[in-house]
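Trainee: sequence unavailable; structure follows:
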């Protein structure tokens, strides 16, 4: 069985039929909401994820595909409901944080960089993810991060960077979140670099533009996350 991760050059059209004519449901996934792992009927079977929606908002979001946004493979409409077919992902950032393996600064930087790239792409279209957290950052088996749940996007003129800072804090503190509406700080800042502390300070109240050239977001290959998702 293979994992299907198709990217469309052109947005897929909505198929007026049940997705279960093409896919077999396997199990529920913990992906920040009700998502079903499924595979194609045809051989060789390909793994995908399926989420049921109540509106067709995603027809517009298909145009905003990006390496760090969950790829929309197909769309179905059946009995008044929409189903979106997306990449099958190995795990969520929330699940990675919960395991015993220690996360180092390069892992935090690599993840935050990918999340930044994804939400910056959305911001170019005037969109921001309203409820982005570690449960909605998903990983492929190669370590590539994917932002999910586009139904939580809204129009905005300036996207805040705080959600990336919150994700960084949770990765640095084994899942312990920062205090709401307070400056982002660490309980043990001495364990991390000055660049990390500066990044958290800027993301506390800043915008994506404010962190665009932040040194903490230096490029680190996504493959550094592979040991956590394999």
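Mentor: Okay, I see it. Computed from a predicted structure; not experimentally measured.
Trainee: where in this structure is pLDDT low?
Mentor: Within the chain, the stretches with pLDDT under 70 are 1-12, 32-33, 54-59, 61-62.
Trainee: show me where it has helices.
Mentor: 58-61, 93-98, 105-123, 162-172, 194-205, 208-211, 226-229 (DSSP state H).
Trainee: deepest-packed of those, please.
Mentor: Most buried of the helices of the chain by mean neighbour count (mean count of other CB atoms under 10 Å) is helix 162-172; its value is a mean of 23. C-beta: built from backbone N, CA, C; applies to glycine.
Trainee: so which elements touch it?
Mentor: Packed against helix 162-172 by the contact rule (3 or more CB pairs under 8 Å, 6 or more residues apart in numbering; DSSP states H and E) you find helix 93-98, helix 105-123, helix 194-205.
Trainee: specify the angle between that helix and helix 105-123 in degrees.
Mentor: 160 degrees (axes from the mean of the first three to the mean of the last three CA atoms, to 10 degrees).
Trainee: the inter-axis angle of helix 162-172 versus helix 194-205?
Mentor: 140 degrees.
Trainee: any idea what residue 91 is bridged to?
Mentor: residue 139 (DSSP bridges).
Trainee: that one against residue 229, yeah?
Mentor: Yes. With contact defined as CB atoms under 8 Å, residue 91 counts as touching residue 229 (5.2 Å).
Trainee: which neighbours do those two share?
Mentor: residue 139 (CB atoms under 8 Å, 6 or more residues apart in numbering).
Trainee: what's the closest non-adjacent residue to the most centrally placed residue in the chain?
Mentor: For the chain, residue 147 is the residue whose C-alpha lies nearest the centre (CA atoms, centre = their mean; 1.8 Å). Nearest non-adjacent residue to residue 147, counting by CB to CB, 6 or more residues apart in numbering: residue 118, 4.3 Å away.
Trainee: of all the helices and strands packed on helix 162-172, which one is nearest residue 220?
Mentor: For the helices and strands packed on helix 162-172, proximity to residue 220 was assessed by CB to CB; helix 105-123 is nearest, at 3.9 Å.
Trainee: so which elements touch that closest one?
Mentor: In terms of contacts (3+ CB pairs under 8 Å, 6+ apart), helix 105-123 is packed against strand 127-129, strand 145-147, helix 162-172, helix 194-205, helix 208-211.
Trainee: can you add distance to residue 136 and give these back as TSV?
Mentor: Putting these into TSV (distance: least, CB to CB, whole Å) gives the following:
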stretch	distance to residue 136
strand 127-129	8
strand 145-147	7
helix 162-172	10
helix 194-205	17
helix 208-211	17
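Trainee: nearest to residue 70, of the ones you listed?
Mentor: For the helices and strands packed on helix 105-123, the distance to residue 70 is smallest for strand 145-147, at 4.5 Å, taking CB to CB.
Trainee: if we can go back for a sec, what about the helices of the chain, which gets the closest to residue 44?
Mentor: With CB to CB as the criterion, residue 44 lies closest to helix 226-229 of the helices of the chain, at 22.1 Å.
Trainee: now the closest one: how far from the chain's centre is it?
Mentor: 16 Å (CA atoms, centre = their mean, to the nearest Å).
Trainee: ok, residues contacting stretch 117-124?
Mentor: Contacts to stretch 117-124, defined as CB under 8 Å, 6+ apart, come from residues 64, 66-69, 128-129, 132, 145-147, 153, 156, 159, 163-164, 208, 212.
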